[in-house]
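S.K.: Sequence and predicted structure, then a few things I'm wondering about:
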Amino acid sequence: MSEKKMAIIATKGTLDWAYPPFILASTAAALDYEVQIFFTFYGLQLLRKKLQLKISSLGNPGMPMKMGPVTVPMPVVLQALPGMQAMMTTMMKQKMKAKGVASVEELRDLCMEADVKLIGCQMTVDLFEFSPDEFIDGVEFGGASTFLAFAGDADICLYI
C-alpha cells in the first residue's frame, strides 16, 4: 500500500473540466500515491460508457480565443449565440488532437490501469435515475461516507 494518498472530488461534466481530475489522479498514481476520485452530480458524466462531453465557457469568461496573432478572452455575448458550444467543442478537440493531448477516455483508462479507485455517487445515480449499466466497468458506487473514509486520511484533497 502507498504511503501517500490523494482524494479528488469531481463535480463537473464538461470536456474542459474532465481533464483535471484524470490528469492529477494518473500523475499521483504514477508517483505511487493511492488515489480515489469521487464523481458526484455532473461529474458522474465522466464515468459514462459513451462520453458526449462539450465545452461550456459561459462560466469561464477567461477562455482564450486566438484571433490572428492576438489571444483574447471569449466575449460572454458570443458564448450565448446558437451553435457556439458545438463550435467551441469541435475547435477544442481539434486543438487537443493537433497538440497530442490524450483524450478523456485515454486518461480515464490510464487511471484505471494505475488502480485509481473511481467512485460514483450513489445518491446522484438515484437522483437522476441512472442505471449502473450506463457506466464503465470498474466503477464502485457509494455515498459520501464511502469516500470520506478515505479522504479523511488523505495527504491531498482536491475539489474540482
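M.R.: Looks like it arrived, so ask away. Numbering: from 1, shown residues only.
S.K.: Tell me if I55 really is in a helix.
M.R.: No. With DSSP: H, G, I helix; E, B strand; the rest coil as the criterion, I55 is assigned coil and is not in a helix.
S.K.: can you give me the helices in this protein?
M.R.: For the chain, the helices defined by DSSP state H occupy 15-30, 76-79, 84-98, 104-113, 122-127, 144-151.
S.K.: Just name the most buried of those helices.
M.R.: Among the helices of the chain, helix 15-30 has the highest mean neighbour count (mean count of other C-beta atoms under 10 Å), at a mean of 20. Placement of C-beta: from N, CA and C, glycine included.
S.K.: packing partners for it?
M.R.: Judged by 3 or more C-beta pairs under 8 Å, 6 or more residues apart in numbering; DSSP states H and E, helix 15-30 is in contact with strand 5-10, strand 34-39, helix 84-98, helix 104-113, strand 156-159.
S.K.: And the pLDDT for the residue nearest to the spatial centre of the chain?
M.R.: For the chain, A18 is the residue whose C-alpha lies nearest the centre (C-alpha atoms, centre = their mean; 2.4 Å). With respect to pLDDT, A18 scores 95.
S.K.: Next up, the contacts around it.
M.R.: K12, L46, L51, L53, V104 (C-beta atoms under 8 Å, 6 or more residues apart in numbering).
S.K.: ok, the nearest residue to the second one once chain neighbours are set aside to G152 distance?
M.R.: Spelled out, that is L46. Closest residue in space to L46, ignoring its immediate chain neighbours: A18 at 5.2 Å, by C-beta to C-beta, 6 or more residues apart in numbering. A18 sits 26 Å away from G152, taking C-beta to C-beta, to the nearest Å as the criterion.
S.K.: coming back round to it: pLDDT for the contacts of A18 - can I get that in CSV?
M.R.: Below are these laid out as CSV (pLDDT from 0 to 100):
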residue, pLDDT
K12, 94
L46, 97
L51, 93
L53, 91
V104, 95
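S.K.: what's the most distant pair in these?
M.R.: For these, the maximum inter-member distance is 13.3 Å, found between K12 and L51 (C-beta to C-beta).
S.K.: which of those two has more neighbours?
M.R.: K12 (20 against 16; other C-beta atoms under 10 Å).
S.K.: Test my guess that that one contacts F39.
M.R.: No. Counting by C-beta atoms under 8 Å, K12 sits too far from F39 to count as a contact (9.9 Å).
S.K.: just for the protein, where's the confidence low?
M.R.: 1-2, 57-67, 72-79 (pLDDT under 70).
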